[in-house]
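>>> 3D, please:
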Amino acid sequence: MADSLGQTREIRIGAGEILQNASEPESGANAHMPGANETKPGANAPESGESKSGAYAEAVCVSGGMGERWLSLYTLMKDALEPERFTHSLDVADASARMGLIYGCDQRKLAIAGLLHDGAKDMSDKALLDIAEPLGMVADPAERTRPNLLHGPVASVLAERDWGISDPAILQAIRYHTTGEAGMSKEACIVFMADLIEPARAYQGVEILRRLCGEDLKAAVIEAIEQTVEYVKRVNKPFHQGMSRFYEWIKDEGSISWKAKI
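From the prediction side, this is the model:
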């Protein structure tokens, strides 16, 4: 870890409103952040007239000719995940698709990546290791101490092997949504951030991240990593070196300018 880390709606509404209403459809879980499991009381219970989690992502897929694909994967995740985890995944799918609008990315791919990102999250440590070790995916010491860090890489394997996903952008976003890695695509960074800012997230610093996600994706990622570093130090958990590489790369890569387009 470098020392600098430690120091350190027709759809036409504003970017901030898009993200603040991430559970509302438009026309047509242990994460890597401090307090990421903390949720607002009743956060996943819809208010009267409020749209269900995943409605925006579903609308994006239906309007883009991927409605049947969304439904099949929706059913798969509903069966595979605990109810709260499934709701979280739908909220991440919504937030990812909305950010895709802001940053000019394929919203359908982002919706699918968000839906599937935690597909291995409820697996046991042993089950994760049983899949990851034969594939040489256990490369960081933190993954031995905290095998749940492998849920992203394992979900990417399952997505390609069992769930019919072949798109590299979707697979990368799933694989690195927790730890990050140098060279991540804009789409992968969007899912990384959507996991942190979906509506049920309630931790110190989340509103800063939500604001930045509506303005400057690169700045949002840097802030998210720096918050993570402080949290990991405070609770004395092992730090995944993929995030260290991610930080140094995105901080120093001058060609990256991911500003909001709306």
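
>>> Which stretches in the stretch 1-150 of the chain count as strands?
Remark: strands of the stretch 1-150 of the chain are absent; assignment by DSSP state E, counting those that start in this stretch.

>>> Tell me where the stretch 51-200 of the chain has helices.
55-63, 67-80, 83-103, 107-116, 125-132, 141-145, 151-161, 168-175, 186-197 (DSSP state H, counting those that start in this stretch).

>>> So what's the gap between stretch 228-239 and the chain middle?
20 Å (C-alpha atoms, centre = their mean, to the nearest Å).

>>> got it, and stretch 98-117?
In terms of C-alpha atoms, centre = their mean, the centre of stretch 98-117 is found 10 Å from the chain centre.

>>> in that stretch, what's buried?
Of the residues in stretch 98-117, those buried under the neighbour-count criterion (16 or more other C-beta atoms under 10 Å) are 98-103, 105-117. C-beta here means a position set from N, CA and C on the backbone, and glycine is covered the same way.

>>> so how many other residues sit close to Ala202?
Counted with other C-beta atoms under 10 Å, the burial measure for Ala202 works out to 15 neighbours.

>>> swap in Leu71?
For Leu71, the tally of surrounding residues (other C-beta under 10 Å) stands at 13.

>>> and what of Pro134?
When neighbours are defined as other C-beta under 10 Å, Pro134 has 9 of them.

>>> How about Val154?
A count of neighbours around Val154, defined by other C-beta under 10 Å, yields 25.

>>> For the nearest residue to Asp94 once chain neighbours are set aside, give its distance to Trp258.
Counting by C-beta to C-beta, 6 or more residues apart in numbering, Asp94 lies nearest to Tyr56, which is 4.4 Å off, once chain neighbours are set aside. Tyr56 is 21 Å from Trp258, where distance means C-beta to C-beta, to the nearest Å.

>>> ok, these two, which is more surrounded?
Between Tyr56 and Trp258, counting by other C-beta under 10 Å, Tyr56 is the more crowded of the two (29 against 20).

>>> With adjacent residues omitted, what lies nearest to Gly242?
What sits nearest to Gly242 in space, not counting adjacent residues and going by C-beta to C-beta, 6+ apart, is Thr179, at 4.1 Å.

>>> That neighbour contacts Phe239, doesn't it?
No: in this structure, Thr179 sits apart from Phe239 without contact. The criterion is C-beta atoms under 8 Å, and the distance is 9.6 Å.

>>> neighbour count winner among the two?
Under the criterion of other C-beta under 10 Å, the comparison of Thr179 against Phe239 puts Thr179 first, with 24 against 18.

>>> shaky segments in the stretch 51-200 of the chain?
The model of the stretch 51-200 of the chain has pLDDT under 70 over residues 51.

>>> wait, what's in contact with Leu128?
Residues counted as contacts of Leu128 (C-beta atoms under 8 Å, 6 or more residues apart in numbering) are 120, 147-148, 150-151, 154.

>>> And those, which is closest to Ala188?
His151 (15.6 Å; C-beta to C-beta).

>>> Isn't the closest one up against Met123?
Yes: using C-beta under 8 Å, His151 is in contact with Met123, at 6.8 Å.

>>> Mind checking which of these two has more residues around it?
Set side by side, His151 and Met123 show more neighbours around His151, with 24 against 20, by other C-beta under 10 Å.

>>> Look up phi and psi at Val138.
With angles defined as degrees, to the nearest 10, Val138 sits at phi -90, psi 90.

>>> these two touch, right, it and Arg144?
Yes: the pair Val138 / Arg144 is scored as a contact, 6.8 Å apart, by C-beta under 8 Å.

>>> Comparing the two, which residue is more hemmed in?
Per other C-beta under 10 Å, whichever of Val138 and Arg144 has more neighbours is Val138, with 17 against 12.
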